[in-house]
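Dropping a prediction and its sequence here:
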Amino acid sequence: MSTPAAPLRRRLLAAALAALAPLAASPALAEGKTVRLLVGFPAGGGTDAIARILAEHLKDELGAPVIVENKPGAGGQLAAQALKAAAPDGTTLFLSHDHTISILPQVVRTPGYEPARDFVPVAGFASFVNAFAVSGGTPAKSFNEYVAQVKGQGGKGSVGVPAPASTPEFLVKVVGEKYGLDLVAVPYRGSAPMMADMLGNQIPAGIGSIPDFIENHRNGKIRVVAVLGGQRQAVMPDVPTFKELGLAGLEDMPYYGVFAPAGTPKATLEQFSAALAKVVAKPAVHERLTAMGLSVGHMSGEQLAQREKAYSAVWTRLIRQSGFQPQ
């Protein structure tokens, strides 16, 4: 006996709706689920400030609470290890710049994670440049004056960096070799403690990202005297690039992105990527991030993966040229 057409259509419609349900709403970001946004550096630094701006707006787009969880230490390794150990359900994500994803795996023998295996790129949202700054107690008003000052002190100088074996630490070596200075990198556990020592004139210079330096540069407590990248930055147009100062080859810009544990459902990744795209497109958010010295623009997970691969290739070459051995 054949099934009537109407009941059959109803069953087919119900089956179709059931199949589409997982795409319509991710169970990981369903109502009541809190999303942890891990940050590998202390509160008060540039990365922490960026994460809190985004979290404030992401909660509305996701319909779920978003909290920033700081896990400082080892240049972001602790946060990355926490991401690896987290369930791949979309409730734990990692906001990071290039250091933890692209640099640490090349300079640490056992970082405790392998980005290509343990993580999946969710979305990128900005790029930035690193900068060379001097403390307020340093007499030099320009980078050339800083070089002359160090040479007048026997050629030896200390430069703070936010993390050991980081891009800034390698830049200290590159800058020292280029200008004939014996510069020693002094690693900190994040940009916030480095900045505290610079403000207290405990260290005469530092290399970090523009978001780390921008506010204290504006209020005159420190002075950014050179920036990396291919062109001067709109937030500090009077500061020359290292290329202008005769040091080329450092034009590639680091990135900021969000990563999830491997195995996170594709629908969840796409949901968060779409929410992040909406957030960074908001004029208020875009303006705040741009004012911090970021070049803001959404990248899909695939685009972030390509960006990371290109950046890693540049620094693989520079790290090998430096003779640095993984520790």
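That came through fine.

Pull out the buried positions in the lengthiest helix in the chain.
When the chain is parsed with DSSP state H, its longest helix is helix 301-322. Residues of helix 301-322 classed as buried: 301, 304-305, 307-308, 311-312, 315, 318-319 (neighbour count, 16 or more other Cβ atoms under 10 Å). Yep, even glycine has a C-beta here, placed from its N, CA and C like the rest.

same check, this time on stretch 112-122
112-113, 115, 118-122.

Now pLDDT and distance to residue 144 too, for those, in a markdown table please.
Listed next are the buried residues of stretch 112-122 as a markdown table, based on pLDDT from 0 to 100; distance: Cβ to Cβ, whole Å:
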| residue | pLDDT | distance to residue 144 |
| --- | --- | --- |
| 112 | 95 | 42 |
| 113 | 97 | 41 |
| 115 | 95 | 39 |
| 118 | 98 | 45 |
| 119 | 98 | 42 |
| 120 | 98 | 45 |
| 121 | 98 | 40 |
| 122 | 98 | 42 |
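
Looking at those residues, which is nearest residue 266?
Nearest to residue 266 among those is residue 120, at 9.2 Å by Cβ to Cβ.

my read: that closest one touches residue 265, true?
No. Using Cβ atoms under 8 Å, residue 120 makes no contact with residue 265, being 10.3 Å away.

What helices and strands are in contact with the helix or strand where residue 104 lies?
Element membership of residue 104 [criterion: DSSP states H and E] is helix 104-107. Applying 3 or more Cβ pairs under 8 Å, 6 or more residues apart in numbering; DSSP states H and E, we find helix 104-107 packed against helix 301-322.

Which strands or helices does the helix it packs on pack on?
Looks like helix 301-322 contacts helix 104-107, strand 119-127, helix 167-179, strand 255-261 (3+ Cβ pairs under 8 Å, 6+ apart).

how about these in a markdown table, adding distance to residue 138?
Listed next are the helices and strands packed on helix 301-322 as a markdown table, based on distance: least, Cβ to Cβ, whole Å:
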| stretch | distance to residue 138 |
| --- | --- |
| helix 104-107 | 29 |
| strand 119-127 | 28 |
| helix 167-179 | 15 |
| strand 255-261 | 29 |
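
Which one, of the ones you listed, ends up nearest to residue 33?
Taking the helices and strands packed on helix 301-322 one by one with Cβ to Cβ, strand 255-261 is closest: 14.1 Å.

tell me the mean pLDDT for whatever helix or strand comes next after the closest one?
Downstream of strand 255-261, the next assigned helix or strand under DSSP H and E is helix 266-281. Helix 266-281 shows a mean pLDDT of 97.

and what of stretch 317-327?
Rounded mean pLDDT across stretch 317-327 is 80.

residues making contact with it?
Residues from elsewhere that reach stretch 317-327 (Cβ atoms under 8 Å, 6 or more residues apart in numbering): 103, 106-109, 165, 170, 173-174.

Now a ChimeraX select for only the buried ones of these.
Listed next is the ChimeraX selection for buried residues among those, using 16+ other Cβ under 10 Å:
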select :103,107,108,165,170,173,174
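
how about the contacts of stretch 317-327 in TSV, adding distance to residue 185 and pLDDT?
Output for those, formatted as TSV (distance: Cβ to Cβ, whole Å; pLDDT from 0 to 100):
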residue	distance to residue 185	pLDDT
103	14	91
106	17	89
107	13	90
108	16	90
109	20	89
165	9	84
170	9	88
173	7	90
174	11	90
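
Are we agreed that residue 149 is in a helix?
Yes. When DSSP: H, G, I helix; E, B strand; the rest coil is applied, residue 149 is found to be in a helix.

Let me see the contact set for it.
With Cβ under 8 Å, 6+ apart, residue 149 has these contacts: 138-140.

Please indicate which of those are buried?
Buried among the contacts of residue 149 by 16+ other Cβ under 10 Å: 138, 140.

Tell me the one among the contacts of residue 149 nearest to residue 282.
residue 138 (38.5 Å).

Provide a list of residues in contact with the closest one.
Shown in contact with residue 138 (Cβ under 8 Å, 6+ apart): 146, 149, 201, 204-205, 223.

what does residue 303 give?
Contacts of residue 303 by Cβ under 8 Å, 6+ apart are residue 124.

All the strands of this protein, in order from the start?
Using DSSP state E, the strands of the chain run over 35-39, 66-70, 92-97, 119-127, 130-135, 156-161, 182-187, 205-209, 222-227, 255-261, 295-300.

then the last one to CSV, C-alphas only?
What follows is strand 295-300 as a C-alpha-only set of coordinates in CSV (Å, rounded to 0.1, in the frame of the first residue of the first chain):
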residue,chain,number,x,y,z
SER,A,295,46.3,47.8,9.5
VAL,A,296,42.8,46.3,9.9
GLY,A,297,41.3,43.9,7.5
HIS,A,298,39.5,40.6,7.7
MET,A,299,41.2,37.4,6.4
SER,A,300,39.5,34.1,6.1
